[in-house]
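Student: Here is a sequence together with a model predicted from it:
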Amino acid sequence: MKDNDLNRMAEAPIPGLIISLAVPTMITMTVTAIYNMADTFFVSQLGTSASGAIGVVFSLMAIIQAVGFTVGMGSGTTVSRLLGGGKKEVADSVVSGGFFFALFMGVVMMVPGLIFLKPLMYLLGSTETILPYAQDYARYIIYAAPLMITTFFMNNILRFEGKAKLALLGMVSGGLLNMGMDPLFIFVFKMKTAGAGLATALSQCVSFGILLAIFLSGHSELKISPKLIARNVKTYIGILKNGAPSFMRQGLGSIATAMLNSAARPYGDPAIAAMGIVGKIFMLIFSCVIGFGQGFQPVAGYNYGAGNRGRLKEACIFFFKVGTAIMTALAAVGFIFAPQIIPAFIKDSDKSIELKTIEIGVRALRWQCVAMPLMPIGTVCNMTFQSIGKAGQATFLAMCRQGVYFLPLIVILPRVLGLGGVEIAQPIADALTAVTCVPFAAAFLKELKTASEKEISAVER
């Protein structure tokens, strides 16, 4: 970071600072969610089974995103603390190593993914009727995995560097392109679900090119070069350790979605399609808070590295208040207008199937909306602990929502409540996660208060 960026992180009023960093990331996350929704909307015009394929492949995309965020967030949180401590050369080596590590991980995922495509789709919850659509869609996504993972990596590094607007440029350009190519490939070129997959893959390639150009052209303060790659194994262990909460959050999300699809499978394609649609709508809503949190994280990491505990506490409280307000407002909209929202993503020649899918989707969305206002406390705790290097606590809390609580619930509740158990498993897991986070949040705020009081006493002396 330049001197004025450093001064801004250390001295600018917290609300304005976080908002200035958060707005571009919120736009990025929202646009990303919208173009995922665009796939769902356009593919849904092909029928319920095709729509179900989007829900199945969503698990695969979550895995790819999990790897990208693991390397990106793991490197980014380290970089923000290094910059806060004035160690730019070490930060450059971390970024360069992380870039090539991300490419490597993408290749590792691509090769077996293509070889075992059919069994992979079954593993992710596909039915026989959904399978052809899912394979066509997933194939292009897997081909693009190396560039997708590296794109997520570069996006995160720019954010942690404090250049959220440049990160926005790369991601939004690809997202808008995807929304334009979807109807072209699906309907004009008659590629159906394969067209949606190709549109997504090409848009990610464009985002990759734009973000890489930002680094290579010197618009980033950090450098990517083979000559700067970190040679120390501890660097990569640190990246994985600091990125573990992201992997648990995103990776367990993929496993949870696959298990959700499997639990819904006995109730047919309408149940899988409906739950997939609700998942995409939820991600659109939750992306606003995640985006706001991504604006908060550089502030948290920098001020923790610089020893400014008072500013860190202020930032945490501000993030919690704004996040809760956002989720409560959007949850209310989702609950009230669920009967109008769900039908927009469902179209089937068999009207009985269409009505059944809508009925399931409306109920599931409303249950999810009930739990949404409770979720920001988990997001604040997770992102704060990850940003300041408390990887163990962050990883545990990341595991709670879709691991510790959801996985047992999705096994038990459908056996007891049938389809209703499928619909309420995630909201119950969200509520339990919020309760679990309360003692962690209270202890950390007490720690920050004590440290802040010591800072004030030292200044007065």
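Tutor: Great, that's in hand. Everything numeric here is computed off the predicted structure, so don't read it as measured data.
Student: so what's residue 171 closest to, chain neighbours aside?
Tutor: residue 28 (4.5 Å; C-beta to C-beta, 6 or more residues apart in numbering). To be clear about C-beta, it is placed using only N, CA and C from the backbone, and glycine gets the same treatment.
Student: Go ahead and measure how far stretch 361-378 is from the middle of the chain.
Tutor: How far stretch 361-378 lies from its chain's middle: 17 Å, per C-alpha atoms, centre = their mean, to the nearest Å.
Student: Now do the same for it: mean pLDDT, whole number.
Tutor: Taken as a whole, stretch 361-378 carries a mean pLDDT of 97.
Student: Could you do stretch 218-236 as well?
Tutor: For stretch 218-236, the per-residue pLDDT averages 92.
Student: Sort out which residues of it are buried, please.
Tutor: 220-224, 228-230, 235-236 (16 or more other C-beta atoms under 10 Å).
Student: Tell me the one among those nearest to residue 10.
Tutor: residue 221 (16.1 Å; C-beta to C-beta).
Student: residues near residue 443, how many?
Tutor: Neighbourhood size, residue 443 [other C-beta atoms under 10 Å]: 11.
Student: Now it: which helix or strand?
Tutor: helix 419-460 (DSSP states H and E).
Student: Any idea how far the helix or strand hosting residue 312 is from the middle of the chain?
Tutor: Residue 312 belongs to helix 309-336 when assigned by DSSP H and E. Its chain's average C-alpha position is 17 Å from that of helix 309-336, according to C-alpha atoms, centre = their mean.
Student: which of the residues in that helix are buried?
Tutor: Per 16+ other C-beta under 10 Å, helix 309-336 contains these buried residues: 309-316, 318-320, 322-324, 326-327, 330-331, 334-335.
Student: And stretch 201-213, by the same measure?
Tutor: 201-208, 210-212.
Student: Alpha carbons only: can I get it in PDB?
Tutor: These are the backbone C-alpha positions of stretch 201-213, laid out as PDB (Å, rounded to 0.1, in the frame of the first residue of the first chain):
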ATOM      1  CA  ALA A 201     -16.500 -20.700 -18.300                       C
ATOM      2  CA  LEU A 202     -15.800 -18.000 -20.900                       C
ATOM      3  CA  SER A 203     -16.800 -15.200 -18.500                       C
ATOM      4  CA  GLN A 204     -14.400 -16.500 -15.900                       C
ATOM      5  CA  CYS A 205     -11.600 -16.600 -18.400                       C
ATOM      6  CA  VAL A 206     -12.300 -12.900 -19.200                       C
ATOM      7  CA  SER A 207     -12.200 -12.000 -15.500                       C
ATOM      8  CA  PHE A 208      -8.900 -13.900 -15.100                       C
ATOM      9  CA  GLY A 209      -7.400 -11.900 -18.000                       C
ATOM     10  CA  ILE A 210      -8.500  -8.600 -16.600                       C
ATOM     11  CA  LEU A 211      -7.300  -9.300 -13.100                       C
ATOM     12  CA  LEU A 212      -3.900 -10.600 -14.300                       C
ATOM     13  CA  ALA A 213      -3.500  -7.500 -16.400                       C
END
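Student: what's the angle from the helix holding residue 443 to helix 309-336?
Tutor: Compare the direction of helix 419-460 with that of helix 309-336 by axes from the mean of the first three to the mean of the last three C-alpha atoms, to 10 degrees and you get 160 degrees.
Student: where does this protein dip in pLDDT?
Tutor: 1-6, 452-461 (pLDDT under 70).
Student: So which residue is smack in the middle of it?
Tutor: When C-alpha atoms, centre = their mean is applied to the chain, the residue found nearest the centroid is residue 250 (6.3 Å).
Student: Surely it touches residue 73?
Tutor: No - when contacts are counted by C-beta atoms under 8 Å, residue 250 is not listed as touching residue 73 (9.6 Å).
Student: Residue 288: how many residues sit nearby?
Tutor: Neighbours of residue 288 (other C-beta under 10 Å): 21.
Student: same question, residue 188
Tutor: 9.
Student: List the contacts of it.
Tutor: Listed by C-beta atoms under 8 Å, 6 or more residues apart in numbering, residue 188 has no contact partners.
Student: any idea how far it is from residue 199?
Tutor: From residue 188 over to residue 199 the distance is 12 Å, taken as C-beta to C-beta, to the nearest Å.
Student: Would you agree residue 138 is in contact with residue 55?
Tutor: No - with contact defined as C-beta under 8 Å, residue 138 does not reach residue 55; the gap is 12.0 Å.
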